[in-house]
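Chemist: Sequence first, then the predicted structure:
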Amino acid sequence: MQIDGEERALAIHVEGEDPAPWLEAFHTAFPDWRVLRSDQIDAGATDQVAVVVVWAPPSGFLGQFPNLKQIFSIGAGTDHLSSDPSRPLRVPVIPRQEPASTRAMAEFVLMQALLHHRRVGDSIMHRSAKRWEPEPRGPVAGCRISILGFGPMAQATAELLVQFGCRVTAWSRTPKSSAIVNVLSGWSALDAMFQNPDLLINLLPSTDETRGLIDERRLSLLPRGAGFINVGRGDAVEQSALLRLLDSGHLSLASLDVLRSEPPPANDPVWTHPRVILTPHVASSPIPAGYAAWVATKISL
Ligand code: GLV
């Protein structure tokens with residue numbers, strides 16, 4: 001693509017993944033652009049790069065493009081950008097928020113919420129002891145759910161849960177309003193989110209303020225038998241406290257899709273804990289073709 005007589009390029013870095021499907025998707029969505037993989041950028045191309053699409057860029061990557069206009073974060077969270085201290089702060093970061101991603105998140109949480117509500121964790125635990133203990137449960141309607149966070153992922157999730165009749169309250173650091181759920185805001189309202197839900201869902205990003213926020217004191221405020229779903233970031237949770245409360249029976253089940261360290265170390269009890277449903281950070285993963293098409297609608301140079 002030529003803008004002001006200059007050829008424009010887009011550079012991609014997806015740490016830990018095969019770049020081929022990403023390159024193909026972006027070639028298709030950006031037919032007039034040069035699409036460059038991060039390890040094949042020659043000195044002449046750095047001036048042309050106006051847009052980057054990244055997950056955990058290596059140190060020095062983002063700082064090498066003098067004409068950079070937009071940074072697309074393949075993550076819905078942007079904490080992975082801290083891997084590159086050269087990131088120019090003047091350049092806007094656009095987190096992944098395309099409708100397919102927010103919908104996928106909402107569906108994943110709904111699936112987990114239904115597992116919690118139907119006490120499937122108990123059935124899994126009882127199976128290993130060959131215990132057959134049916135516990136009748138009705139529809140999920142009426143289930144009290146607290147959602148920490150109220151960004152686009154949390155909003156889509158809240159909306160879907162409300163469609164199933166759940167009674168949802170969300171919490172946001174800054175004031176936000178919603179036509180469909182009650183939204184509490186500010187630090188003084190945070191403890192109230194733990195005081196009466198059947199299910200607590202974390203969708204907060206990782207920041208200095210959220211790290212360790214779901215600690216033993218707050219988890220202990222949850223009613224006996226409550227469940228917990230973490231699809232935000234692992235470092236929001238004091239994991240040892242969570243496991244203690246699961247062991248004591250205060251909490252019934254934890255669905256953990258994100259952890260402080262991914263994958264967890266081999267000796268981490270989450271691998272085998274009978275009251276933990278562990279998934280490898282898959283609640284909302286981008287599909288390259290759909291994501292690239294969405295990025296093309298968000299270009300603003
Ligand atoms: C994944 O957790 C993401 O930030 O998209």
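Modeler: Looks like it arrived, so ask away.
Chemist: what's the longest helix in this protein?
Modeler: helix 99-117 (DSSP state H).
Chemist: Quickly check: it near the ligand or not.
Modeler: No. Helix 99-117 stays clear of the ligand (Cβ under 6 Å from any ligand atom), getting no nearer than 7.3 Å. (C-beta placed from N, C-alpha, C; glycine too.)
Chemist: what is the rounded mean pLDDT of that helix?
Modeler: For helix 99-117, the mean per-residue pLDDT is 97.
Chemist: and if you look at stretch 224-236?
Modeler: Stretch 224-236 comes out at a mean pLDDT of 98.
Chemist: quick one: buried residues of it?
Modeler: By 16 or more other Cβ atoms under 10 Å, the buried positions in stretch 224-236 come out as Ala226, Gly227, Phe228, Ile229, Asn230, Val231, Gly232, Arg233, Gly234, Asp235, Ala236.
Chemist: out of these, which one sits closest to Arg137?
Modeler: Gly227 (12.7 Å; Cβ to Cβ).
Chemist: Double-check that that closest one belongs to a helix.
Modeler: No. Checked against DSSP: H, G, I helix; E, B strand; the rest coil, Gly227 lies outside a helix; its state is strand.
Chemist: hey, where'd the strands end up in this protein?
Modeler: Taking DSSP state E, the strands of the chain run over residues 2-3, 6-7, 9-14, 34-37, 49-55, 70-73, 93-95, 144-148, 167-172, 182-185, 199-202, 226-230, 251-256, 276-278.
Chemist: Reformat these as CSV; add distance to Glu135.
Modeler: Putting these into CSV (distance: least, Cβ to Cβ, whole Å) gives the following:
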stretch, distance to Glu135
strand 2-3, 63
strand 6-7, 64
strand 9-14, 44
strand 34-37, 53
strand 49-55, 42
strand 70-73, 42
strand 93-95, 40
strand 144-148, 18
strand 167-172, 21
strand 182-185, 29
strand 199-202, 16
strand 226-230, 14
strand 251-256, 11
strand 276-278, 18
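Chemist: Any idea what the closest residue in space to Ser300 that isn't next to it in sequence is bridged to?
Modeler: For Ser300, ignoring the flanking residues on the chain, the nearest one in space by Cβ to Cβ, 6 or more residues apart in numbering is Gln70 at 6.8 Å. With DSSP bridges as the criterion, Gln70 is bridged to Val51.
Chemist: Quote the end-to-end distance of stretch 180-192.
Modeler: 19 Å (Cα to Cα, to the nearest Å).
Chemist: before we move on, what about stretch 36-48?
Modeler: 11 Å.
Chemist: Please apply the same query to stretch 145-164.
Modeler: 12 Å.
Chemist: How far off centre is that stretch?
Modeler: 13 Å (Cα atoms, centre = their mean, to the nearest Å).
Chemist: same check, this time on stretch 90-101
Modeler: Using Cα atoms, centre = their mean, the offset of stretch 90-101 from its chain centre is 13 Å.
Chemist: cool, stretch 75-95 as well?
Modeler: 15 Å.
Chemist: for that stretch, which positions count as buried?
Modeler: Gly75, Ala76, Gly77, Thr78, Asp79, His80, Leu81, Ser83, Asp84, Arg87, Ile94, Pro95.
Chemist: isn't the third one right up against Leu204?
Modeler: No. Because the distance of 9.1 Å does not satisfy Cβ atoms under 8 Å, Gly77 is recorded as not touching Leu204.
Chemist: and for the two, which residues touch both?
Modeler: Gly232, Arg233 (Cβ atoms under 8 Å, 6 or more residues apart in numbering).
Chemist: give me every residue that touches Ser59.
Modeler: If you count contacts by Cβ under 8 Å, 6+ apart, then Ser59 has Ser83, Asp84, Pro85, Ser86 around it.
Chemist: Format these as CSV; extra columns: distance to Ala56 and pLDDT.
Modeler: CSV is the format used below for these (distance: Cβ to Cβ, whole Å; pLDDT from 0 to 100):
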residue, distance to Ala56, pLDDT
Ser83, 5, 97
Asp84, 8, 98
Pro85, 13, 98
Ser86, 14, 98
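Chemist: closest to the ligand among those residues?
Modeler: Ser83 (13.3 Å; Cβ to the nearest ligand atom).
Chemist: and the residue nearest to Ser128 when sequence neighbours are not counted, how far is that from the ligand?
Modeler: Nearest residue to Ser128, sequence neighbours excluded (Cβ to Cβ, 6+ apart): Pro274, at 7.1 Å. Here the criterion is Cβ to the nearest ligand atom, to the nearest Å. By it, Pro274 lies 26 Å from the ligand.
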